[in-house]
Each structure stands twice: as structure tokens, then as C-alpha cells.
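Undergrad: Got a predicted structure plus its sequence, pasted below:
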Amino acid sequence: MTEIVSRRISIHEAIGENKRTTCVRLIGGTAIDAKEVILSAGLRSPQLLQLSGIGDPEELKDAGIEPRDDMLDVGKGLSDHLSFFQHWRSLTFRQSIY
């Protein structure tokens, strides 16, 4: 499924320390259950993980989110990428340079 706006992912405990996701909650409240979930949200991946309770517990608590899994590096090391565009306008317009 593509072009779906997710609100959070649900994390379920498996055998031992391993955790897995089998459900995605969508913006409208719909839940999609699946055998396997692959998170491919690009720049929004850290945000979705944090909204789901995965990340730095202190930051999550400050945001009113119940921590589910301690992963201190989620959302760290991201930076804006500077883009610079130049546009040139010719003083005269010619159909051909020949």
C-alpha cells in the first residue's frame, strides 16, 4: 500500500526481548493489521517512530507520549540541507544562437 498517511505504528512484544510491529494506525483511525510492516517514511520515519513511543524516553515523556522502546538515536543527527538556486534572465530573446 502506498500514499497512506500513518498516525503511529503499534508495537507488540514477541518471544524474549524482540519486538515487532503488526499493525499500522492511520490518520482517520483505521487500523491495518499485517504479518509484517516495513517502515519507509523517508524524513518522516523518526517522527512516526517517536509518535509510536520509540525514541529517547525523556523527550517522549516531555511530549506526552508513553515510551515503548528506548532508542536514544531516533531523530538525532538530522539536519536541513541548504538548497541554492540561481535563475538568469536574458536581456534579449533569440530563437537560435546560429
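TA: Perfect, I can see it now. Numbering: from 1, shown residues only.
Undergrad: Which stretches in this protein count as helices?
TA: 45-51, 57-62 (DSSP state H).
Undergrad: Format the ones you listed as CSV; extra columns: distance to residue 71 and mean pLDDT.
TA: Every C-beta, even on glycine, is put in place using the N, C-alpha and C of the backbone. Listed next are the helices of the chain as CSV, based on distance: least, C-beta to C-beta, whole Å; pLDDT from 0 to 100:
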stretch, distance to residue 71, mean pLDDT
helix 45-51, 7, 87
helix 57-62, 9, 94
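Undergrad: Which stretch among those is buried most, on average?
TA: Of all the helices of the chain, helix 45-51 has the most neighbours on average by mean count of other C-beta atoms under 10 Å, namely a mean of 17.
Undergrad: Report pLDDT for the residue lying closest to residue 5 once chain neighbours are set aside.
TA: Leaving aside its chain neighbours, residue 5 sits nearest to residue 27 (4.7 Å; criterion: C-beta to C-beta, 6 or more residues apart in numbering). Per-residue confidence (pLDDT) for residue 27: 78.
Undergrad: so residue 27 touches residue 8, yeah?
TA: No - the criterion here is C-beta atoms under 8 Å, and residue 27 misses it with residue 8 at 9.9 Å.
Undergrad: Same drill for those two, tell me which one is more crowded.
TA: residue 8 (20 against 10; other C-beta atoms under 10 Å).
Undergrad: Can you pull out the low-pLDDT segments for this protein?
TA: Residues of the chain meeting the criterion pLDDT under 70: 1-3, 12-17, 80, 91-98.
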